[in-house]
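**Q** Model the structure of this input:
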Amino acid sequence: MKKSNKIAAGVLIAIGVLALVLVIANNILESKIKKGIEKNLDSANAVYEKVDVKLLDRSAEVINAAISIRGKMLKVDTIRLNDIEILEYLTDKNIVIGDLRISNPEVKIFKLPKKEKDTSSSKKQNSFKNKIRIKSVRVSGGSLKIFEKDSSTHRLYSKLRDISMEQVRIDSTSLKESVPFNYDLILLNIDSLFYDLNDLQKLYVGDLVIRNNDVKITDFQLKPKFSRNEHQQNISKETDWYDLEIDSIGMQGLTWSLQNDSLKIGNSLTHIDQFDFVIYRDKLQQDDNSIKPLYSQMLREMPLLLQIDSISLTNGYLKYEEKIHADREPGTVDFSNMNLQISQISNVNLSREDFPETRIKAQADFMESASLDVNWSFNIADTQDRFNISGELGRIAAEQINEFMKPAMNVQAHGEIEDLYFNFAGGPYTAKGDMRLEYKDFKIEVLQKDGKEKNKVVSALANLIVKNKAQNNKANHKDITVDRDRTKSFWNYLWNMIKNGALKAFI
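**A** Sure, this is the predicted structure:
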């Protein structure tokens, strides 16, 4: 055989041997990585149809996997791992993945009764010695369901579009937490959400998108489970029926973390646009005589930690209805074209000397007629719960306020209120302030018990003590004092401030 042929044959044999070695090595390494993935899946109580590893592509795929950890179940169509760092696994047994893609996960969480620890499960969790780091995670499709004890009843249901995370980290410590991994959230896109809030209310969200700490929510609804009449049959004491719809909610710079076992939420700006809020109260129900704290105390003592710079509410509508007599329609007041600006809502670092004051500015059309401006301030850190509230109401015909006065107070008025201004400061027990009121040709009619016909005698006596002043003459009253019924809300407190001031002006 010629020398050149021998060299060629030798090269071919060498290439063949090398190829065979690579194939064998590839198969060995693929088998080793596959067994490693399977072992970690087993340690996490996972079952699966198939694990496929391709060493040359540095990729792996898990088909039809299901994981169950302490009442939490995850089922996925496919889990694909790309850019696996093989050397890291071979040297330190840690799994480092460049990219993880999960298709159509179904997450189910069951509210199980507490019981003694399952030692076999604990052993499996304790056997998880590896560390997993995933540089990028992408989830497409899927759903999240949370169940009560009855597994047929959803407490929460959410349909997912996309989730993107970075720097996901899993180890034996993280597996013991309620969320068994650490992560940086880049995108969460949900196209529907339902939450069973309590025995009386349920919550719906049309779309929820969280992108780099900015949040956008559309079609937010807080709905009653019952009609107004059914609501009264499902409560033991006076409890409001309410219905809230919001077109959109936007949050900028949202952050959340755990601080001393409490959830802390902060953001620079929350904007709520196009809201419609209806509140109905049936005063025929048994009173709720519990002490009602003022808003500063409620915010100070709530378990959730807040640090919100600013909240803006625009284009709102608020309607309040109160039923006092069984045989009559409820009294009604409403506020349209409502806009509010709220600054500095925080219950964090309450002891600091420069703790900011919470300020609220509101503008609305009262009864679709009179302009209303309100300024309200309080300090959440102030344990004396002092506040200041002032406002001005523009011209309104008496007939407009009869929608509340006639069914609720059994009186109706005629004439006009030209202008009303109030300014009160107070605390949990008393408030003191002043009022300016201008009215013209104002007359009162006290109705019969049926609320239909005028009681002529009582009406005549009432009008004898109503002082009709000239249009431009102002009735100013200072040092109006109001004692608070602490079993009533702040809004009842404010109503009594205005009512007492008005009575001084009229009488």
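
**Q** switch to C-alpha atoms for all contacts and neighbour counts from now on
**A** OK.

**Q** which parts of stretch 76-85 are buried?
**A** Residues V76, D77, T78, I79, R80, L81, N82, D83, I84 are the ones in stretch 76-85 that count as buried (16 or more other C-alpha atoms under 10 Å).

**Q** Pretty sure the third one sits against D52.
**A** No: no contact is recorded between T78 and D52 when judged using C-alpha atoms under 8 Å, the distance being 11.0 Å.

**Q** quick revisit: out of the buried residues of stretch 76-85, which one sits closest to F404?
**A** The closest of these to F404 turns out to be V76 (C-alpha to C-alpha; 56.9 Å).

**Q** and the closest one, what element?
**A** Assigned by DSSP states H and E, V76 belongs to strand 72-84.

**Q** C-terminal to that strand, what's the next element?
**A** Using DSSP H and E, the next helix or strand after strand 72-84 towards the C-terminus is helix 86-92.

**Q** any idea how far that following helix is from the chain center?
**A** Put simply, helix 86-92 sits 44 Å off its chain's centre (C-alpha atoms, centre = their mean, to the nearest Å).

**Q** And that helix, what does it pack against?
**A** On a contact count with 3 or more C-alpha pairs under 8 Å, 6 or more residues apart in numbering; DSSP states H and E, helix 86-92 meets strand 95-103.

**Q** Each with direction, which strands does the strand it packs on pair with?
**A** Strand 95-103 sits in its sheet next to strand 72-84 (antiparallel), strand 132-140 (parallel), going by DSSP bridges.

**Q** just to revisit the earlier point, what do T78 and D52 both touch?
**A** Both T78 and D52 are in contact with E61, V62, where contact means C-alpha atoms under 8 Å, 6 or more residues apart in numbering.

**Q** separation between I308 and T358?
**A** 10 Å (C-alpha to C-alpha, to the nearest Å).

**Q** go on, N337?
**A** According to C-alpha to C-alpha, N337 stands 23 Å off from T358.

**Q** Neighbour count for those two, which is higher?
**A** Shown here are N337 and T358; by other C-alpha atoms under 10 Å, T358 has more neighbours (20 against 17).

**Q** In the protein, which strand is the longest?
**A** strand 262-282 (DSSP state E).

**Q** Show me which positions of that one end up buried.
**A** Quick answer for strand 262-282 (16+ other C-alpha under 10 Å): 264-277, 280-282.

**Q** same thing with stretch 294-311?
**A** Those buried within stretch 294-311 under the rule 16+ other C-alpha under 10 Å are 294-297, 299-300, 305-311.

**Q** Mind listing residues that contact that stretch?
**A** Contacting residues not belonging to stretch 294-311 are listed as 262-272, 340-348, 378-383, 385, 428, 489-490 [C-alpha under 8 Å, 6+ apart].

**Q** Over to stretch 488-505?
**A** Stretch 488-505 has contacts (C-alpha under 8 Å, 6+ apart) with 289, 291-295, 422, 424, 431, 434-435, 437, 467, 475-477, 480-482, 484-485.

**Q** where does the helix or strand harbouring G433 sit relative to the chain's centre, distance-wise?
**A** If you go by DSSP H and E, G433 is part of strand 430-446. Averaging C-alpha coordinates over strand 430-446 and over its chain gives two centres that are 39 Å apart (C-alpha atoms, centre = their mean).

**Q** Just put the buried residues of stretch 294-311 in TSV and tack on pLDDT.
**A** Compiled in TSV, the buried residues of stretch 294-311 are given as follows (pLDDT from 0 to 100):
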residue	pLDDT
L294	98
Y295	98
S296	98
Q297	98
L299	97
R300	97
L305	94
L306	95
Q307	95
I308	96
D309	96
S310	97
I311	97
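
**Q** Just put those residues in a markdown table and tack on secondary structure and distance to Y317.
**A** As requested, the buried residues of stretch 294-311 are arranged in a markdown table below (DSSP: H, G, I helix; E, B strand; the rest coil; distance: C-alpha to C-alpha, whole Å):
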| residue | secondary structure | distance to Y317 |
| --- | --- | --- |
| L294 | coil | 24 |
| Y295 | helix | 22 |
| S296 | helix | 24 |
| Q297 | helix | 27 |
| L299 | helix | 24 |
| R300 | helix | 28 |
| L305 | strand | 29 |
| L306 | strand | 26 |
| Q307 | strand | 27 |
| I308 | strand | 24 |
| D309 | strand | 24 |
| S310 | strand | 20 |
| I311 | strand | 17 |
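
**Q** quick check, A502 in a strand?
**A** No: counting by DSSP: H, G, I helix; E, B strand; the rest coil, A502 is not found in a strand; it is helix.

**Q** Per the annotation, how does the chain divide into domains?
**A** 32-196, 224-385, 387-507 (automatic domain parsing).

**Q** how about low-confidence regions in the stretch 401-507 of the chain?
**A** 408-409, 446-475, 506-507 (pLDDT under 70).

**Q** And the helices in it, which stretches?
**A** With DSSP state H, counting those that start in this stretch as the criterion, the stretch 401-507 of the chain has helices at 456-464, 490-506.

**Q** what do you get for the stretch 101-250 of the chain?
**A** Along the stretch 101-250 of the chain, counting by DSSP H, counting those that start in this stretch, helices occupy 119-126, 228-233.

**Q** Can you show me the CA trace of stretch 283-303 as PDB?
**A** Presented in PDB, the C-alpha positions along stretch 283-303 are these (Å, rounded to 0.1, in the frame of the first residue of the first chain):
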ATOM      1  CA  LYS A 283     -81.000  51.800  58.500                       C
ATOM      2  CA  LEU A 284     -83.700  49.300  59.400                       C
ATOM      3  CA  GLN A 285     -81.000  46.700  60.200                       C
ATOM      4  CA  GLN A 286     -79.600  46.300  63.700                       C
ATOM      5  CA  ASP A 287     -76.900  49.000  64.400                       C
ATOM      6  CA  ASP A 288     -73.300  48.000  64.400                       C
ATOM      7  CA  ASN A 289     -72.200  49.600  67.700                       C
ATOM      8  CA  SER A 290     -68.500  48.800  67.400                       C
ATOM      9  CA  ILE A 291     -66.100  51.800  67.700                       C
ATOM     10  CA  LYS A 292     -65.200  53.200  64.300                       C
ATOM     11  CA  PRO A 293     -61.600  54.500  64.200                       C
ATOM     12  CA  LEU A 294     -60.800  57.600  62.200                       C
ATOM     13  CA  TYR A 295     -58.900  57.100  58.900                       C
ATOM     14  CA  SER A 296     -55.500  58.100  60.400                       C
ATOM     15  CA  GLN A 297     -55.800  55.400  63.100                       C
ATOM     16  CA  MET A 298     -57.000  52.700  60.600                       C
ATOM     17  CA  LEU A 299     -54.000  53.500  58.300                       C
ATOM     18  CA  ARG A 300     -51.600  53.600  61.200                       C
ATOM     19  CA  GLU A 301     -52.700  50.200  62.600                       C
ATOM     20  CA  MET A 302     -53.300  48.200  59.400                       C
ATOM     21  CA  PRO A 303     -51.000  45.100  59.000                       C
END
